[in-house]
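Student: Kindly generate the corresponding structure for this input.
(2 chains)
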Protein chains: 2
Amino acid sequence: MPNQFDPPSGTRDFLAAEYAKRERAFGVLRSVFASYGFEPLQTPAFERLDVLLGKYGDEADKLVFKILRRGEHEASGEADLALRYDMTVPLARVAAAYGSQLPTPYKRYAMGSVWRADRPGRGRFREFTQCDIDTLGSASPLADAEVLCVHHDALAALGLTDFTILINSRQVLSGLLEVFAVPPELGAGVLTSLDKLDKLSPPAVIEEIAGRGLAEQAAAELVTTMTAEDATDRIRMALKPSETGMAGLEEVDLLVSLAGAQVPPGRVTFEPRMVRGLSYYTGPIWELTAAGVPGSLGGGGRYDQLIAQLGGPDVPATGSSLGIERVLMLLPDQVAGRPGRIDVAVTVLADDLTAQSFALAAQARAAGLRASVYLGSSGKLGRQLKWANDAGARWAVIYGNAEEEAGAVTVRNMTTGEQASVPVGDLGAHFAELAAG
Amino acid sequence: MPNQFDPPSGTRDFLAAEYAKRERAFGVLRSVFASYGFEPLQTPAFERLDVLLGKYGDEADKLVFKILRRGEHEASGEADLALRYDMTVPLARVAAAYGSQLPTPYKRYAMGSVWRADRPGRGRFREFTQCDIDTLGSASPLADAEVLCVHHDALAALGLTDFTILINSRQVLSGLLEVFAVPPELGAGVLTSLDKLDKLSPPAVIEEIAGRGLAEQAAAELVTTMTAEDATDRIRMALKPSETGMAGLEEVDLLVSLAGAQVPPGRVTFEPRMVRGLSYYTGPIWELTAAGVPGSLGGGGRYDQLIAQLGGPDVPATGSSLGIERVLMLLPDQVAGRPGRIDVAVTVLADDLTAQSFALAAQARAAGLRASVYLGSSGKLGRQLKWANDAGARWAVIYGNAEEEAGAVTVRNMTTGEQASVPVGDLGAHFAELAAG
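Tutor: Numbers count the residues shown, from 1 in each chain, chains lettered A, B, ... in the order given. Alright, predicted model coming up:
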């Protein structure tokens, strides 16, 4: 039940454990991206409205969070800024703004929040992290293979094993439309219907395609070919008369062979039925899927005209986007080891010993341990040890009047309950030992 | 001169070098915060408008970026959400929302963007990173000392040495108003004027205070005491009749002694003229200042009523905020070492060797090196070596037809120009050696 203290609909607060899990994953991703020579880019949370709107069509425009003008203009009810909807529009702007300052090719990753006023649902948020890698300025198929392999390696580095990469090509799809004589104006619709073959039965898809205006027989032939047991072979045969189709097969085969050399066997396959929704792709396309996860974990492809269409320079481009929120749901919540907030809890047992307790904590930190003094109001050892335990401390350092007189502190192992008396002068070495153990 | 591809006014794009500098600093800060047992909290970029507005007065409300309602409500021109203005309002909401799930005390840090529609200027942005640490639920002076020391240690860990921490107390200031018989309704104004003593001459401040309605003689006595060479001693004497003032001195002295035990000598001092602007402080206050930096690098204090005022639970609280954008400007831009994007650049010299080149880069990465293949269109070695050099690669791996025949690759040291022929079978070991060196 939502209440007044919940974060806004579709957004989340990340408390320590969840934050740590996310940051750990982001760190792994950054290191994989860097290992391929991709560099980070961070753009503002918002862009000018005219930069963002009209780039992805009316449906996307409706999902943009718009920011009201400020000051005297606020009353106009007009917006002049909008929250980032994706990482691609800012990339196009950056490519236009910094052109020659950027390396060629410009290989960048962007990891950060994007905002969409979508209806929130399970695994669908209004504020979520997007994780994109793109290469601008290279037409080489190696650039496609590289971004694909980066995302493969990223998932593998996160510990995922049970996933597959489906590869296809826009040119294969164009070739198919050509050899099955689909009129150009029906092309996009037919592809959209074919994309449903993993959810709908072949007859249902045939009906849908026929409904779009293609002759029933042509629709049936197309769907039968695509769903045959030996569909891949049949499609290869069927594409022979189409130059575009054959070029598409060639780029698919090259991509499968380049990626296949780097990833475990069977993880990369040609999937001629895989269409990616977005119409801006111009070459190879791919999708990462995992067993038991509806939809995809991410995907991408070559999009040679998009950067110019978005207002950037006219450069070839290829990129891949990871559905990091879905990936995060597949990762275990806990890491191994004691999840405590601190290693060392220092008691504060007498007013006149406050400064000494404070200094003891500093000494533990100097040895590389996480340490805190007791900040509550009870002077009782039992209460303070309970706090130490709740904070997940591995050791409690007890320093009261008896310890002061003896010139030693009591170090208690919070797991075993064992206690040792350590002379104040030996404490630095003792902490160093605990830190190393 | 701004152009259409610049980021919105007051915001910035962070390309690789700047991003790396910032992330490095944030990493240092996170590790200092964790060493004291502070845990991270991340809240959404926006809050519901009613959560944000009316919390800091009209002036602050004007600086809030408001988000237009969506869908059919957009035309109303009304806003229902607003970008985060600071980290304290979200903290109060989180404390109210998760109460018993949070540890007691709740020691959290928050590092992330906040947005204010301020007039942009040098070092003043509309989107900037705020870095706050706060402890909720402890009335102990150790909690004040702890957050103060955390921020000291954070600056020190970033490499800053030339900075000072000024300490004062709201109770000292209240005591001063009391002993100089300033009527309660003039108190806040008088403190605001006293705060200007570092910019204005004493006579100017006397005049300003008199202008606020305090008798000229009382104003003169107050300012003379505050600006005397032995001001601290005089103030200690003057406060004797005030219980509040003496309590304030006691908390200042304790804080100076606790912090003083941990930081280099002379870095912490009692500064009775330091007033912090915000009226919500209830106990000790502090400010971090650096030589040559106008204003402060940060500061904080105890604010026992604020969390409840902001809609959270009624808990004592203390916190410190670091002006991280200013701190970043004090840090050097470059780190030591070759700043290249990659370690190993792999040439692609023949179409039929593409897959091998791709695999060579993967082998280098497997050894822990950052590696990339050439993604350009030139087949010429010279052009590819120029790219390797531009990318800052330490080694180029050259693999052409001659190398294929010999079953070896040529590894070129990009700094010295020296080349070695390494048999393909020895390459893994060779890369491991390069990575270790």
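
Student: Which neighbouring elements make contact with the helix or strand where A:Arg93 lies?
Tutor: Under the criterion of DSSP states H and E, A:Arg93 resides in helix A:88-98. Helix A:88-98 sits against strand A:46-48, helix A:49-52, strand A:106-115, strand A:127-136, helix A:306-309, with contacts defined as 3 or more C-beta pairs under 8 Å, 6 or more residues apart in numbering or on different chains; DSSP states H and E. Bear in mind the C-beta positions are built from the backbone N, C-alpha and C, glycine included.

Student: wait, which of those is closest to B:Leu83?
Tutor: Nearest to B:Leu83 among the helices and strands packed on helix A:88-98 is strand A:46-48 (8.1 Å), distances taken as C-beta to C-beta.

Student: Quick one: distance of the closest one to the chain centre.
Tutor: Distance of strand A:46-48 from its chain centroid, counting by C-alpha atoms, centre = their mean, to the nearest Å, is 22 Å.

Student: Pairing partners for that strand, with directions?
Tutor: strand A:79-83 (antiparallel) (DSSP bridges).

Student: tell me the mean pLDDT over the partner strand?
Tutor: The pLDDT scores in strand A:79-83 average 96.

Student: neighbours around the residue of the stretch 51-200 of chain A found nearest chain B, how many?
Tutor: The minimum distance from the stretch 51-200 of chain A to chain B, using C-beta to the nearest C-beta, falls at A:Gly77 (1.8 Å). For A:Gly77, the neighbour count with other C-beta atoms under 10 Å in any protein chain shown is 16.

Student: which non-adjacent residue is nearest it?
Tutor: B:Gly77 (1.8 Å; C-beta to C-beta, 6 or more residues apart in numbering or on different chains).

Student: Now do the same contact list for the one you found.
Tutor: Contacts for B:Gly77 (C-beta atoms under 8 Å, 6 or more residues apart in numbering or on different chains) come out as A:68, A:76-78, B:68.

Student: could you flag which of the residues you listed are buried?
Tutor: With burial judged by 16 or more other C-beta atoms under 10 Å in any protein chain shown, the buried subset of the contacts of B:Gly77 is A:68, A:77, B:68.

Student: So, low pLDDT: which residues of chain A?
Tutor: A:1-2, A:277-278, A:334-339 (pLDDT under 70).

Student: please redo it, this time with the cut-off set to 50
Tutor: Along chain A, the parts satisfying pLDDT under 50 run over A:337-338.

Student: downstream neighbour of the longest helix along it in the secondary structure list?
Tutor: Looking across chain A with DSSP state H, the single longest helix is helix A:16-35. As assigned by DSSP H and E, the chain's next helix or strand after helix A:16-35 is strand A:39-40.

Student: what's the neighbour count on A:Asp58?
Tutor: A:Asp58: 8 neighbours (other C-beta under 10 Å).

Student: re the thing from before, distance to B:Val89 for the contacts of B:Gly77 - can I get that in a markdown table?
Tutor: Written out in a markdown table, the entries for the contacts of B:Gly77 read as follows (distance: C-beta to C-beta, whole Å):
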| residue | distance to B:Val89 |
| --- | --- |
| A:Leu68 | 19 |
| A:Ser76 | 27 |
| A:Gly77 | 25 |
| A:Glu78 | 26 |
| B:Leu68 | 21 |
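
Student: For those residues, give me CSV that also has distance to A:Ser279 and secondary structure.
Tutor: Shown next, in CSV, are the contacts of B:Gly77 (distance: C-beta to C-beta, whole Å; DSSP: H, G, I helix; E, B strand; the rest coil):
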residue, distance to A:Ser279, secondary structure
A:Leu68, 32, strand
A:Ser76, 35, helix
A:Gly77, 33, coil
A:Glu78, 31, coil
B:Leu68, 28, strand
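
Student: Helices along the stretch 151-300 of chain A, start to end?
Tutor: Per DSSP state H, counting those that start in this stretch, the stretch 151-300 of chain A carries helices over the ranges A:170-179, A:187-194, A:202-211, A:216-227, A:231-238, A:243-260.

Student: List of residues touching the first one?
Tutor: If I follow you right, that is helix A:170-179. A:184, A:187, A:190-191, A:222, A:235, A:238-239, A:241-242, A:244-249, A:251-252, A:272, A:275, A:281-285, A:301-302.

Student: Which element, helix or strand, includes A:Val411?
Tutor: strand A:408-413.

Student: same deal with A:Gly319?
Tutor: For A:Gly319, the host element (DSSP H and E) is strand A:317-322.

Student: one step back: which other helices and strands does the longest helix of chain A contact?
Tutor: strand A:106-115, strand A:127-136, helix A:141-157, helix A:324-330, strand B:39-40.
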